[in-house]
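Undergrad: just the structure for this:
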Amino acid sequence: MRLLAVSDIFGRTRHLENLVECLTSTYECTDLLDPYGGARLDFRNEQEAYAYFQVNIGLAKYRDILLGYLQNTEHTEFHLLGFSIGASAIWLVSEMLNFHENTRATCFYSSQIRNFLKVQPRLKIDLYFPENEPAFEVNTIMKKLLRTPNLQCHQTDYHHGFMNKLSVNYHKEAYHRYIQILKN
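TA: Numbers count the residues shown, from 1 in each chain. Sure, this is the predicted structure:
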């Protein structure tokens, strides 16, 4: 099985590469997809990264980048691992393709899912929501998704971005805990 990590608005960073490297022994191969074609943009903060992403990429284009990657690869079995907007791109693509029965996804703190509650994933997805989100009530969204096929929702005790060392909400212990969960 191949791991495909789908980045957040920061794109390809040393920290995300290190996260993927922690998981290499679990998969036959790993890859990292970001919205900026592999360029390291080294944003100073989340506000700068968010503004750049919104102006230059947007969710629809990122969805199409992911869709193109999946359609143009020889691999069929994936573990898709998404963070924030990357998780949202995975969510949108999840109903667009016929996936191998072993393909699955793990998505961390995708706040945009709230705008796409009617998606019907064609692969097994674990959604990890943060403790809370400023833009919506997490429990309400989780209840609305309760009967969605192939989906399991989990609410963490951490804030949006807890897996990203560049985020103000990075949480070291949670990062290591969820790396172990991903390895298993």
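Undergrad: which residues of this structure fall in strands?
TA: With DSSP state E as the criterion, the chain has strands at 2-6, 29-33, 78-83, 104-108, 124-129, 151-155.
Undergrad: mind checking which of those is nearest N139?
TA: Among the strands of the chain, the nearest to N139 by CB to CB is strand 151-155 (7.5 Å). In short, each C-beta sits where N, CA and C put it, glycine included.
Undergrad: looking only at pLDDT, what's the mean for stretch 173-184?
TA: For stretch 173-184, mean pLDDT is 95.
Undergrad: re earlier: in a markdown table: the strands of the chain, plus mean pLDDT, distance to Q180 and mean neighbour count.
TA: Listed next are the strands of the chain as a markdown table, based on pLDDT from 0 to 100; distance: least, CB to CB, whole Å; neighbours: other CB atoms under 10 Å:
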| stretch | mean pLDDT | distance to Q180 | mean neighbour count |
| --- | --- | --- | --- |
| strand 2-6 | 97 | 15 | 23 |
| strand 29-33 | 96 | 17 | 18 |
| strand 78-83 | 97 | 14 | 25 |
| strand 104-108 | 98 | 13 | 24 |
| strand 124-129 | 98 | 14 | 21 |
| strand 151-155 | 97 | 15 | 16 |
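Undergrad: ok, N150 touching P121?
TA: Yes: the pair N150 and P121 passes the contact test of CB atoms under 8 Å, sitting 4.6 Å apart.
Undergrad: more neighbours: which of those two?
TA: P121 (21 against 15; other CB atoms under 10 Å).
Undergrad: the closest residue to the more buried one other than its chain neighbours: what's it in contact with?
TA: In space, P121 comes closest to S94 once its chain neighbours are excluded; the distance is 3.8 Å by CB to CB, 6 or more residues apart in numbering. Contacts for S94 (CB atoms under 8 Å, 6 or more residues apart in numbering) come out as 105, 119, 121-123, 125.
Undergrad: do you know how far the residue lying closest to H75 once chain neighbours are set aside is from G68?
TA: Nearest residue to H75 in three dimensions, chain neighbours excluded: R2, at 4.6 Å (CB to CB, 6+ apart). Counting by CB to CB, to the nearest Å, the gap from R2 to G68 is 16 Å.
Undergrad: over to G58?
TA: 15 Å.
Undergrad: residue boundaries of the helices in this structure?
TA: 14-22, 46-56, 59-71, 85-93, 138-144, 172-183 (DSSP state H).
Undergrad: let me have these in CSV, extended by distance to L32 and mean neighbour count.
TA: Shown next, in CSV, are the helices of the chain (distance: least, CB to CB, whole Å; neighbours: other CB atoms under 10 Å):
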stretch, distance to L32, mean neighbour count
helix 14-22, 6, 16
helix 46-56, 16, 15
helix 59-71, 11, 16
helix 85-93, 10, 27
helix 138-144, 27, 14
helix 172-183, 14, 13
